[in-house]
Structures are given as structure tokens and as C-alpha cells.
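S.K.: here is a sequence with its predicted model. Questions after.
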2 protein chains.
Amino acid sequence: MAATAVTKQKKQQAEAGTRERLVRTASRLMQHGGYESTPVKQLVREAEATLGSLYHFFPGGKQELAVAAIGHGDGEFAQMLRAALDSDPDAARAIEATAGVLADALAASDWRDGCPVTATALESVGRLPELQEACARSFGHWQELVAAKLRASGIEEAEAADLAVTVIATLEGAEMTSQVTRSRTPLLLAGRHLSRLVGSYTPAGT
Amino acid sequence: MAATAVTKQKKQQAEAGTRERLVRTASRLMQHGGYESTPVKQLVREAEATLGSLYHFFPGGKQELAVAAIGHGDGEFAQMLRAALDSDPDAARAIEATAGVLADALAASDWRDGCPVTATALESVGRLPELQEACARSFGHWQELVAAKLRASGIEEAEAADLAVTVIATLEGAEMTSQVTRSRTPLLLAGRHLSRLVGSYTPAGT
DNA sequence: CGCTGGATAGAGCGTTCGTTCTAGTCCCTT
DNA sequence: AAGGGACTAGAACGAACGCTCTATCCAGCG
């Protein structure tokens, strides 16, 4: 048991290359076009892997890889979120700054790099339960990050949790609107309004 | 010219059956799974039409039909939005009521009938420009409906337009979150928070 | 040194995709 | 009654889909 565990660890280091490349590429492509619009062959080509490798690492095929890709996107977005939220001690201003960061990233990618989960989430509803759950988990993680920031700014526990749900939902909706209209404005407005909303819950000024 | 116009009018009444059925079915299926996940054959079957009819009415094929379907979904959603916004003279309360209506409709459809545009909008970004523009137009229409309501409640012109963008974005994001998590809560929270936000802009109480 | 099993490689499977095409039906006009 | 255009009908096409399969490579071990 212990021996197999060690072996497995070694193997994972060795295989990290191809497996990681597949997951990262899948995450990026699904961020752009979602699940159905991302053919396995293109995925494998861009990841510089082969079909053999894909089905070796993911016997469950495209869907299993997609679940892993959502997990990867979850982590990446969470990292960006943490950094943006830490940029200002005040929660309201930090959230406005986050919207700004999202707007910049979106514009810099020619409006391609939206939320790494949204597109897939909508496709998965009611047809790919495992994917749908992975997406739901991602939203939960991000909400928790925001909630922690709100609590740190003195907002009461339950209120913070509720507010965090709306903050993430608004950022998601505004990001989609910015993508489709090719304009930073929706995200910047969302930032401004979320800041005002959050500010109305914080006990004191800064 | 006038004669052709009359002829056309007659024809449109005659052809309303099949063409309308195709558009309505496309709108419904795309509401659930988006563009790529909706095969033409299934579409034609459920609309009780045939491929011949589809390519007769929409020489541009699936994409042209999709644009028409987005337009149809736009109109349907706008109608619902108007009704919900009219349910209360106060803008803040009306918007909260709207979120409630969306939550009820979503739950009643077993979380399938989300926004008729969102899924397609995300898929269209950067690959199907005509579809993307149709989606952007839809968002614009809905924003205008909300903006009018806000202005009617005494919010200043420019402020109302900005706020309307965030209201629609938040409702979109919350609806998606509700769909994926199979829970009314995100929509209901969005309604409560939007109400508070809008209330902070309205001049007087009620 | 040969053996073994994880990893790579891609041709090819059956299926399904969007679309085209020809044939046919129906009704309006003359 | 005859002609013509709008509409219906679905078989068939090439391309692309996700996936399977056999062959090969190569590092680690007895």
C-alpha cells in the first residue's frame, strides 16, 4: 500500500507533463467555446499530445477531461480573485478593483478569455451531471473567497455569505455582457455598483 | 412594389405555421443547450417540420435560424420583464419581484428554462459574429426596459442607464447560478440586493 | 540482459453532423 | 383546365465527431 503510494507519486511526476498539458489546454479551449464546441482532436493537437495519451489518462474520455479542466479553471480563477481582493483592505474597493482586473484581462485577450466555467456550466445543465456539479463547486469556492473578505471587513457572517453569492453572480453576468458587447463598461459598472452595495453593509467608512 | 408587399403579407400568414414552429422550437432548444448542442435534425423533428422546410425558410441554414430564434427569445423575455416590472410601481420592489418570477419559472421547469440567450451568447463569442450581435441586441433591449422603469421612479437619466446594465447582468448571473446549483436562492438573493441597490438611488421612499 | 508495464502514436471504426438535391404536393392565378 | 410558384419531404453526401485498437517506445527492475 505504502509502496504503491510512493510509486504512484513518482509516476505522477513523470506523467505530469502530458496530463497537465491536456488539462490546461482543455480549460483554455472550454473557456472560449464551452464543451461541445471543443473537439477532442483539436484539443489533443494544441496540447501536443495524442489520442492515446488522452484516453490513457482519462479513461472516461472527453467528459472526464472536462471535469478536470473545470477544476483547473476553478483554481486559476480563485488565484486571480485572491490577488485582486487582497489589493485593498476595504472590501468594497477591493471588489471594484476585481471588476477592473477582469475587464482588463478580457480586453487584453480580445474579449476571448471570459470566465473559465460559465460557458461549460450552461451547456452542462441537465445533460452532463458530473460537469454541472464541478461547475457548481467552482462557484461555491469563489463565493467563499468573497465571503471571507466581507467578513474581514466587519460584515456579519450570514449577511456576508448572502452578499458573496450576489457578488459572484454579478461579476459573472457582467463579464458575459462585456464579452458579448466587446466593451469594458458592463464590468466597470458592475464594480461600481457592487462597491456601493457592499459599502452599504460595512459598519464604518474605511 | 405595393402589389408584392401585399402578396408577401399573405404569404407570411400562410407560412406562419411552419416557420414559426421552427423558430419557436429553435429558441426553446437553444435556451436549454445552446447552439452547438442543438442538432438540426432534432430541431426539425420536434418542430414537426422537415429539412426541406428549414432550408426553404432559412437559406442561411442553422445559423440564420439561430439568429431568428434569439430574436424570438428576446421578445419573449422582454414580455415577461415588462409584466414583472409593471407589477409594482416602485422600481426597487418591482425588480425584486422580477427575480422572484424568474426563480419560480426556473424551478417549475426543473431548472431547464434559463435565459433564452445566455448559453448561445457565450458560444457565439468570437466565432459566430451575427449570432453574437443578435445576443448583444437582446441585452440592450432588456436594459432599456429596466432603465425606463428606473427613470419612471425618479432616477436621473444617465444613472438609470448605468444601473440598468448592472441589473440585467446580475439577473443573468444569478439565473445561471440558480440553474447550475438547482436552487432559487441565488436569484432571490440577487433580487434582494438589487432592490437595496436601486433603493439607494431613488429620491424618496416608495 | 531481457522482461514488463506505463506512456505514446495515429489509423480507422461507426456514428452523427449540417447541408444539398431531386421529387412531389398543394393552392393560387389566369 | 392548365401552369407556376411556394412549400413539403426525406434520401444521400462529405466532413467531422468521439472513441477503440494495435503497434511501438522506453525506463526500471530482476
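M.R.: Looks like it came in fine. Not measured: the values here are computed from a predicted model. Residues are numbered from 1 along each chain as shown, chains lettered A, B, ... in the order given.

S.K.: what does chain A put close to DNA strand D?
M.R.: Proximity of chain A to DNA strand D (C-beta under 7 Å from any atom of the strand) is limited to residues A:38-42, A:51-52, A:55, A:61-63. Every C-beta, even on glycine, is put in place using the N, C-alpha and C of the backbone.

S.K.: go with 6 Å
M.R.: A:39-41, A:51-52, A:55, A:61-62 (C-beta under 6 Å from any atom of the strand).

S.K.: tell me which two of those sit farthest apart.
M.R.: With C-beta to C-beta as the measure, no two of the residues of chain A next to DNA strand D lie farther apart than A:39 and A:52, at 16.7 Å.

S.K.: now do the closest residue to chain B within chain A against residue B:24, distance only.
M.R.: Nearest residue of chain A to chain B (C-beta to the nearest C-beta) works out as residue A:173 at 2.9 Å. Separation of residue A:173 from residue B:24 (C-beta to C-beta, to the nearest Å): 26 Å.

S.K.: count of residues packed around residue A:59?
M.R.: 8 (other C-beta atoms under 10 Å in any protein chain shown).

S.K.: which SS class is it?
M.R.: coil (DSSP: H, G, I helix; E, B strand; the rest coil).

S.K.: returning to that earlier point: quick one: contacts for the residue of chain A closest to chain B?
M.R.: Neighbouring residues of residue A:173 by C-beta atoms under 8 Å, 6 or more residues apart in numbering or on different chains: A:190, B:168-174, B:176.

S.K.: quick check, nearest of the residues you listed to DNA strand D?
M.R.: residue B:176 (23.0 Å; C-beta to the nearest atom of the strand).

S.K.: count of neighbours near that closest one?
M.R.: That count, for residue B:176 with other C-beta under 10 Å as the rule, works out to 29.

S.K.: picking that back up, and the pLDDT for the residue of chain A closest to chain B?
M.R.: On pLDDT, residue A:173 comes in at 98.

S.K.: and what of residue A:79?
M.R.: 98.

S.K.: how about residue A:204?
M.R.: Residue A:204 carries a pLDDT score of 70 in this model.

S.K.: cool, and residue A:162?
M.R.: So, for residue A:162, pLDDT stands at 98.

S.K.: for residue A:17, same thing?
M.R.: So, for residue A:17, pLDDT stands at 86.

S.K.: neighbours around it, how many?
M.R.: Around residue A:17 there are 12 other residues, counting by other C-beta under 10 Å.

S.K.: hang on, the earlier thing: which one among the contacts of residue A:173 gets closest to DNA strand C?
M.R.: Using C-beta to the nearest atom of the strand, residue B:176 comes nearest to DNA strand C of these, at 23.1 Å.

S.K.: which residues touch that closest one?
M.R.: So residue B:176 contacts A:118, A:121-122, A:169, A:172-173, B:114-115, B:118 (C-beta under 8 Å, 6+ apart).

S.K.: over to residue A:73?
M.R.: A:27, A:30-31, A:116-117, A:138.

S.K.: show the pLDDT at the residue nearest to it when sequence neighbours are not counted.
M.R.: Spatial nearest neighbour of residue A:73, chain neighbours left out: residue A:116 (2.9 Å); criterion: C-beta to C-beta, 6 or more residues apart in numbering or on different chains. As predicted, residue A:116 sits at a pLDDT of 96.

S.K.: I figured residue A:180 hits residue B:121, correct?
M.R.: Yes. With contact defined as C-beta atoms under 8 Å, residue A:180 counts as touching residue B:121 (4.9 Å).
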